[in-house]
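In: below: sequence and its predicted model.
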Amino acid sequence: MTAPAGKTALIIDASRGLGYALAAEYLARGWRVTATVRGARRTGLHDLARSSDGRLVVEAVDITVPEQVAALHDRLARATFDLLFVNAGVTKASKSALNQLMRSFAARHAGDPCTLLLMAPGWVQTDLSGPAAPLTIGQSIPGVADTIEAQAAKGGLQYLDYQGQTVCW
């Protein structure tokens, strides 16, 4: 599936795993991608950028450091993006807090005309989850991208999985 010309994505935390795979997926679909890494060390994302014909720009930011977020905002102030994807892992131990956060976010953004998605990619085999996870990146990430594209311009907040199914809050 190839995106219309000019589609742009900002993917936060794409140095490895699912974030990296999502950046690669959108590049393969013809998008221009700005993706972030934490710290100054070289990652596979930098190698991907080198082979992207200028369609992938790597930025550094640790989103837990407000000064770095402000600096990224300043660097990207003139850019516009069709997609902002903030990649953040969730464990079973953090689900209760996440559910409360999502409900609060949903209440504050009821009726928002923007499309707001919380995505559950499934339990995917990555460096963090290991080989016991039932899904591969190749099974999950194309579905995540398809689900995002299917919801574009629909507005509102939804919590969906990589197959486009609603996830219970």
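Out: Ah, there it is.

In: show me this structure divided up by domain.
Out: What automatic domain parsing lists as the domains of the chain is 1-88, 90-169.

In: confidence-wise, which of these is weakest overall?
Out: Per-segment mean pLDDT for those reaches its minimum on domain 90-169, at a mean of 85.

In: could you look over the domains of the chain and pick the most buried one?
Out: When the domains of the chain are scored by mean count of other C-beta atoms under 10 Å, the highest mean neighbour count falls to domain 1-88 (a mean of 17). For the C-beta atoms, the positions are set from N, CA and C on the backbone; glycine is no exception.

In: which stretches of the protein form strands?
Out: Assigned by DSSP state E, the chain shows strands spanning 8-12, 32-37, 56-60, 83-86, 115-120, 156-161.

In: could you dump those strands into TSV with distance to R50 added?
Out: Formatted as TSV, these follow (distance: least, C-beta to C-beta, whole Å):
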stretch	distance to R50
strand 8-12	17
strand 32-37	13
strand 56-60	9
strand 83-86	22
strand 115-120	28
strand 156-161	33
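
In: ok, and the closest non-adjacent residue to the residue nearest the centre of the chain?
Out: The centroid of the chain falls nearest to F85 when counting by C-alpha atoms, centre = their mean (3.1 Å). Take F85 and drop its neighbours on the chain: the residue closest to it by C-beta to C-beta, 6 or more residues apart in numbering is I11, 4.8 Å away.

In: hang on, that neighbour packs against A23?
Out: Yes: at 5.1 Å, I11 counts as touching A23 under the criterion of C-beta atoms under 8 Å.

In: what touches both of these two?
Out: Any residue near both I11 and A23 by C-beta atoms under 8 Å, 6 or more residues apart in numbering counts here, and that gives V33, A35.
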